[in-house]
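Enquirer: Make a model of this:
(one chain, ligands or ions: 1)
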Amino acid sequence: MCYMHQIYIIVRYYSEKGQALQHISHCVFSAHPYLPEEACGCMCQYLCHHSFPASSEPYEGNCHAEVRQAAEMAASGEFKNKSELRVFESTDELATDLAEYISQLSENSVKESGCFTIALSGGSLISFMGKLCEAPYSKTVDWTKWYVFWADERAVAKNHVDSNYKLTKDAFLSKVSILSSHVFSINDHVTVEDAAGEYEFAIRQLVKIRTVGVSERNDCPRFDLILLGIGPDGHVASLFPHHPALELKEEWVTYITDSPKPPPERITFTLPVINSASNIAIVATGEEKAMAANLAIAGSNENSDSSSLPARMVQPTDGKLVWFLDSAAASALEVSNGGSKDAM
Ligand SMILES: O=C1O[C@H](COP(=O)(O)O)[C@@H](O)[C@H](O)[C@H]1O
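Expert: Predicted coordinates for the structure are as follows:
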């Protein structure tokens, strides 16, 4: 059976949340040409019987052994973290699903709290947000309720080609009607240290007045969504392998002056802030991200040194993590028993 590791993760998520099982087949199996149709059907039936016995027909089919095992692992709570993996044949399909995912979260947050707080990263991820600027989202999303932040920024002028703000403005912000007073970019006129301090102060004010929610577990801001990319070295935001910034517990926003990827000076959310978000999405495309994505996803339960791969340290305390991969970035995924997908 191919892609069992992915199935495990997705089954866990949906069975924990008790969401509609046909959604599994829609979201997951349609994106997995490798998985036989019958397996999808039998897994759904099996889960219906075991996870929702009161509301479903008894299971009667010939459940595929691996599918049954996956469902049992999910039902037994063997997987503790709430995460989901979505794999797409093309970046276009990924972008379509990402737009739908973001618009749904926006709608839910606006209903619940009257606003939607989103922290963006830079890099290739931004190009996949383009579908949000098109119909139907351009009209259906309540842009006036959006509050936009950056999970990381490079310490360069806002009109510099390396600026995450510029990237986002050109590709996204200039095409939708988000209020400029709701866009919290990082000060590019002060030192990187001061800019990080100012940014944390601004977020603290917004938490005080509850524009940004607060985590019930710690006093960290609870963004509705933090969107992250991942580097081939496994970095997320501007948190790089083995960097002391990975250890910070009290700070919300910090700065670095020695980024291995240029430019060297950067500002970044710390892990406590990232992990306190209600929703985190990590988007990875292209073969150069495949090893890092595999180590972060398949190795999330291993005891190896996590600081060697910051993406593995993204573990929401109370929220949900969704990985969006294209097939190239998913090409190195291993099954949970240690074999490769091709060997199954
Ligand atoms: O430097 C950065 O890199 C990562 C990954 O970028 P990508 O172009 O390889 O997708 C990005 O997520 C981060 O925000 C950015 O500052």
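Enquirer: residue in the stretch 151-300 of the chain nearest to the ligand?
Expert: Gly229 (2.7 Å; Cβ to the nearest ligand atom). Bear in mind the C-beta positions are built from the backbone N, C-alpha and C, glycine included.
Enquirer: Write down the beta-bridge partners of that residue, one by one.
Expert: Under the criterion DSSP bridges, Gly229 forms beta bridges with Val283.
Enquirer: Distance-wise, check it relative to Pro310.
Expert: Gly229 sits 12 Å away from Pro310, going by Cβ to Cβ, to the nearest Å.
Enquirer: now Leu179
Expert: From Leu179 across to Pro310, the span is 32 Å (Cβ to Cβ).
Enquirer: Of these two, which one has the most company?
Expert: Neighbours of Leu179 and Pro310, each counted by other Cβ atoms under 10 Å, are more numerous for Pro310; the result is 28 against 12.
Enquirer: could you list every residue that touches the more buried one?
Expert: Under the criterion of Cβ atoms under 8 Å, 6 or more residues apart in numbering, the neighbours of Pro310 are Gly234, His235, Val236, Leu239, Phe240, Pro241, His243, Leu246, Leu271.
Enquirer: how about a cut-off of 6 Å?
Expert: Contacts for Pro310 (Cβ atoms under 6 Å, 6 or more residues apart in numbering) come out as Gly234, His235, Val236, Leu239.
Enquirer: that older thread, check the residue of the stretch 151-300 of the chain closest to the ligand and give its pLDDT.
Expert: Per-residue confidence at Gly229 stands at 98 (pLDDT).
Enquirer: In this structure it contacts Leu125, no?
Expert: Yes: using Cβ atoms under 6 Å, Gly229 is in contact with Leu125, at 4.2 Å.
Enquirer: if we can go back for a sec, tell me how many other residues crowd the residue of the stretch 151-300 of the chain closest to the ligand.
Expert: 24.
Enquirer: Look up how far Lys208 lies from it.
Expert: 30 Å.
Enquirer: now the contacts of Pro310: which count as buried?
Expert: Buried by 16 or more other Cβ atoms under 10 Å: Gly234, His235, Val236, Leu239, out of the contacts of Pro310.
Enquirer: Burial check on the closest residue to the first one other than its chain neighbours, number of neighbours?
Expert: Put plainly, it is Gly234. Distance criterion Cβ to Cβ, 6 or more residues apart in numbering; nearest residue to Gly234, sequence neighbours excluded, is Leu309 at 3.7 Å. Neighbours of Leu309 under the rule other Cβ under 10 Å: 23.
Enquirer: So for Leu309, what's the pLDDT?
Expert: pLDDT, Leu309: 97.
Enquirer: so who does it touch?
Expert: Residues in contact with Leu309 (Cβ under 6 Å, 6+ apart) are Gly234, Leu295, Ala296.
Enquirer: try 10 Å
Expert: Residues in contact with Leu309 (Cβ atoms under 10 Å, 6 or more residues apart in numbering) are 230, 233-236, 241-242, 291-292, 295-296, 299-300.
Enquirer: Mark which of those residues are part of helices, please.
Expert: The members of the contacts of Leu309 that map onto helices under DSSP state H are Met291, Ala292, Leu295, Ala296.
Enquirer: can you name the two of these that are farthest apart?
Expert: Longest distance between any two of the ones in helices among the contacts of Leu309 is 9.6 Å, between Met291 and Ala296; criterion Cβ to Cβ.
Enquirer: shared neighbours, the two?
Expert: By Cβ under 10 Å, 6+ apart, the residues touching both Met291 and Ala296 are Gly234, Leu309.
Enquirer: Could you check which of these two is surrounded by more residues?
Expert: Higher neighbour count among Met291 and Ala296: Ala296, with 23 against 16, using other Cβ under 10 Å.
Enquirer: Tell me the residues on the stretch 151-300 of the chain that lie near the ligand, please.
Expert: With the criterion set to Cβ under 6 Å from any ligand atom, the stretch 151-300 of the chain comes near the ligand through Asp152, Asn164, Leu228, Gly229, Gly231, Ala237, Ser238, Lys261.
Enquirer: Sweet, I'm off.
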